[in-house]
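Chemist: this one's structure only:
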């Protein structure tokens, strides 16, 4: 049975599809949603006016300037297998008994999920999903930063969250990103997120950006820090453009996770 979607639901579907597939052809969208090419082009025109997508030959792609992130639930379905492998790789950086910060995000959620039940650790986070997950782990000393609630992303953001973090000593921070590139570094469409990330990076002993390569090549309105403002980047090698650009950097250290082998392979570059 073909899906029947309202105009808003169609545009949400198109936006999610482009996030997952990087580009979308008009023919494919029309077939998937079971509407005419004229309807797809009308929806695309509205998305383009909103600054979410841009037209290319025969289809659309995401704008490099990211105006809005997908809601948390939608992001959790994208690249899930890859995010799990990134989380497993990140776990190798965590020493028992240390204090870590897990930034809000679906990839950092996979770090939390990878933590063994008997692994003693202090975890600070601004993410409600991570908090709920770790509530049942008796070995975790858990802190949620509080502050203004970003309902779209299931997290706390803004100055009150940042001020709580300022009082803490953090050994290792894992920073998430919806947009990052060589020119703008780590960035975000939201000021409240930028303030929290900047605060964490300024005080943690070590910072690691963890993000899949589908986020590379985009930038948000607010800059968090340049790429060399973190100590390591953990990403994947799916995007050739991302891999080639990062290999040219002298700093920070880069770790690529390869999920196409039978067992995940982590390739490091100093």
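Modeler: Noted; the coordinates are in hand. Bear in mind that the values here come from a model prediction, so they are computed numbers and not experimental data. Numbering: from 1, shown residues only.

Chemist: And the pLDDT for the nearest residue to residue 117 once chain neighbours are set aside?
Modeler: Spatial nearest neighbour of residue 117, excluding adjacent residues (Cβ to Cβ, 6 or more residues apart in numbering): residue 137 at 5.9 Å. Where you see a C-beta, it was placed from the backbone N, CA and C, and this is true even at glycine. On pLDDT, residue 137 comes in at 95.

Chemist: Mind naming the longest helix for this structure?
Modeler: When the chain is parsed with DSSP state H, its longest helix is helix 7-21.

Chemist: Report the buried residues of that one.
Modeler: 10, 11, 12, 13, 14, 15, 16, 17, 18, 19 (16 or more other Cβ atoms under 10 Å).

Chemist: The closest residue to the second one other than its chain neighbours: which element?
Modeler: Nearest non-adjacent residue to residue 11, counting by Cβ to Cβ, 6+ apart: residue 43, 5.0 Å away. Under the criterion DSSP states H and E, the helix or strand holding residue 43 is helix 37-49.

Chemist: Show me what that helix is packed up against.
Modeler: helix 7-21, helix 26-33, strand 53-56, strand 59-62 (3 or more Cβ pairs under 8 Å, 6 or more residues apart in numbering; DSSP states H and E).

Chemist: mind running it again at 10 Å?
Modeler: Contact partners of helix 37-49 among helices and strands, from 3 or more Cβ pairs under 10 Å, 6 or more residues apart in numbering; DSSP states H and E: helix 7-21, strand 23-25, helix 26-33, strand 53-56, strand 59-62.

Chemist: Would you mind measuring the gap between the ends of stretch 121-138?
Modeler: With Cα to Cα, to the nearest Å as the measure, stretch 121-138 spans 10 Å from end to end.

Chemist: Centre of the chain to it, how far?
Modeler: Remark: stretch 121-138 is offset 18 Å from the chain centroid, using Cα atoms, centre = their mean, to the nearest Å.

Chemist: Show me which residues of that stretch are buried.
Modeler: Using 16+ other Cβ under 10 Å as the test for burial, stretch 121-138 gives 121-131, 133-134, 137.
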